[in-house]
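S.K.: Predicted model follows, preceded by the sequence.
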Amino acid sequence: MSEHSIEDVTRVVDGVLRSRRSLRAYRPDAVPRAVLEDILDVASSAPSNSNTQPWRVHALAGAPKQALGAALLAAFRENTLPPSPHFPHPLPEEYAQRQRDFGAVYYRTLGIDVADMPARLRQTEKNFGFFGAPVGLIFTIDRRLAPHSWLDLGLLVQNVMIAASARGLGTCPQVSFARFHPVIAQHLAFTEHELTVCGMSLGYPEHDEPVNRMAMPRRGVREFACFDQFE
Ligand SMILES: Cc1cc2nc3c(=O)[nH]c(=O)nc-3n(C[C@H](O)[C@H](O)[C@H](O)COP(=O)(O)O)c2cc1C
């Protein structure tokens, strides 16, 4: 670090943070295990409450990834598991509006009419094949912990995405897997207390695919940060 000026470091770190996107089209090229281990190793520098490090990551590639994907797709089509509680129902309007805005950009980019539910379902199904990425990750947490420990896991997840971006790899974090915890737990022989929080696609991106070129807007700092008490 010392041979780089602070300006260089700022430019590189900000560049990686700002250029990361959720990527949903991948080249078939395999990701070497050593590359993934390196990403997880650097990601594990994430802070956690009292250094509890309450995360566990299941890495899948090749036939086991295909097998899990097939089981999840079957479960999705069967549609017997209860919906995932990852959003309340109804979603408060402020968030529901942003969700609709996301959907409008997403489906327009894919050439799917938002009213075309079968086409939307076909796109949703791609989650379970990890959007064609060669690597699938499943992130779990010990279910005995309180919600604040999920924050620690989130920091690890973000570090994985940033470390991957810094190596020219793309990712997509995916909550879609949470609903299918029973299927995943059985497939991956989870320990007693493990709970599926989310999954992630990881691989070398198809940069030219329109779906990978969406820039989702963000709220401005003055909209989400309050400076009333900042003297
Ligand atoms: C916790 C979490 C869960 C997500 N779940 C999914 C998912 O299941 N499927 C998907 O395609 N994208 C998923 N996303 C990606 C979001 O749609 C994406 O982060 C958001 O639209 C902002 O776009 P960006 O990541 O490209 O900046 C998820 C993101 C997060 C942080």
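M.R.: Received the coordinates, thanks. Residues are numbered from 1 along each chain as shown.

S.K.: which residue packs closest to Thr61, ignoring adjacent ones?
M.R.: Just to correct that, residue 61 is Ala rather than Thr. Val135 (5.2 Å; C-beta to C-beta, 6 or more residues apart in numbering). C-beta: built from backbone N, CA, C; applies to glycine.

S.K.: so what's the backbone phi/psi at the one you found?
M.R.: With angles defined as degrees, to the nearest 10, Val135 sits at phi -120, psi 140.

S.K.: Could you point out which residue ranges in this protein have low pLDDT?
M.R.: Within the chain, the stretches with pLDDT under 70 are 1-2.

S.K.: mind redoing it with 50?
M.R.: Under the criterion pLDDT under 50, no range of the chain is flagged.

S.K.: Give me the buried positions along the top helix by length along it.
M.R.: Counting residues, the longest helix found in the chain (DSSP state H) is helix 147-166. Residues of helix 147-166 classed as buried under the neighbour-count rule (16 or more other C-beta atoms under 10 Å) are 149, 152-154, 156-157, 159-166.

S.K.: repeat for stretch 130-144
M.R.: Buried residues in stretch 130-144 (16+ other C-beta under 10 Å): Phe130, Phe131, Ala133, Pro134, Val135, Gly136, Leu137, Ile138, Phe139, Thr140, Ile141, Asp142.

S.K.: For the ligand, state which of those residues is nearest.
M.R.: Nearest to the ligand among the buried residues of stretch 130-144, counting by C-beta to the nearest ligand atom, is Phe131 at 7.4 Å.
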